[in-house]
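Visitor: Let me see the structure of the following:
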Amino acid sequence: VATNYAGISRVFYSELVHIDSTPPVVTGEGVKEVLEEGGDDIDYWRSDFVLLDWSGLVDDESGIKHCVWGLGSSPGLTDIRNYTVSNTTLVNATDLSEMHGDTMYASVMCLNNAGYTTISHSDGVTLLYTAPKHELASVSILNPVLTRFESQDGYMSTDSIQVIWNGFLESSDAPLYYQIRVLESGSDDDVEWTDVGAVKQITIY
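Guide: Okay, here's the model as predicted:
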């Protein structure tokens, strides 16, 4: 308030100022590798690009000014991709064709409008571009009661079969999981595959 000696006053107001003394907050999973915006975090992917989503980094006081993202061979490193400024919470990391079998981690640092920063890292994604090797693979059908004896010339006297497989190799340290199906003689090739996980044998009744 400014008042002159005649007793006349005038009121002046400053611009609104938001008080923010805290950095951006990491909610949920923070930074994650996804297949689509808002999607679930993925641990393995088969293409030379991956989407990075950090919508879990928020600031309800002064808001996010901008973020920088990078890729590294371990959390916090940017030896694969240096930090790049982004004004969105979803980016497409491309040109990753030389990383078959490697695990990469995304790091995102966000700056709010009060000048505070927060950094968050993803749990990593392993990139796989080729199918498992099968040159040494084999599949055997056994009588589950007499498991020493394989089927002879395609004949077996039993109401159940045991299927055992091995020799499939992955060119990285990534684990394998398997699917199986049984086709009856003369049936159409439209029987759905059944997920059996990481096991290498199953009994079918």
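
Visitor: in the helix or strand bottoming out on mean pLDDT in the chain, what's buried?
Guide: Among the helices and strands of the chain, strand 138-142 carries the lowest confidence by mean pLDDT, DSSP states H and E, at a mean of 81. Using 16 or more other C-beta atoms under 10 Å as the test for burial, strand 138-142 gives L142. Glycine gets a C-beta too; all of them are placed from N, C-alpha and C.

Visitor: Could you report the neighbour count for the residue lying closest to L96 once chain neighbours are set aside?
Guide: The spatially closest residue to L96, leaving aside those adjacent along the chain, is D48, at 4.7 Å (C-beta to C-beta, 6 or more residues apart in numbering). Applying other C-beta atoms under 10 Å, we find 15 residues neighbouring D48.

Visitor: for L96, same thing?
Guide: Counted with other C-beta under 10 Å, L96 comes out at 20.

Visitor: Isn't it up against L52?
Guide: No: with contact defined as C-beta atoms under 8 Å, L96 does not reach L52; the gap is 11.6 Å.

Visitor: where does the protein have low pLDDT?
Guide: Within the chain, the ranges that satisfy pLDDT under 70 run 144-158, 171-174.

Visitor: Leaving out sequence neighbours, find the closest residue to the residue nearest in space to the middle of it.
Guide: By C-alpha atoms, centre = their mean, the chain has its centre lying nearest to I42, at 2.1 Å. Nearest residue to I42, sequence neighbours excluded (C-beta to C-beta, 6+ apart): E33, at 5.4 Å.
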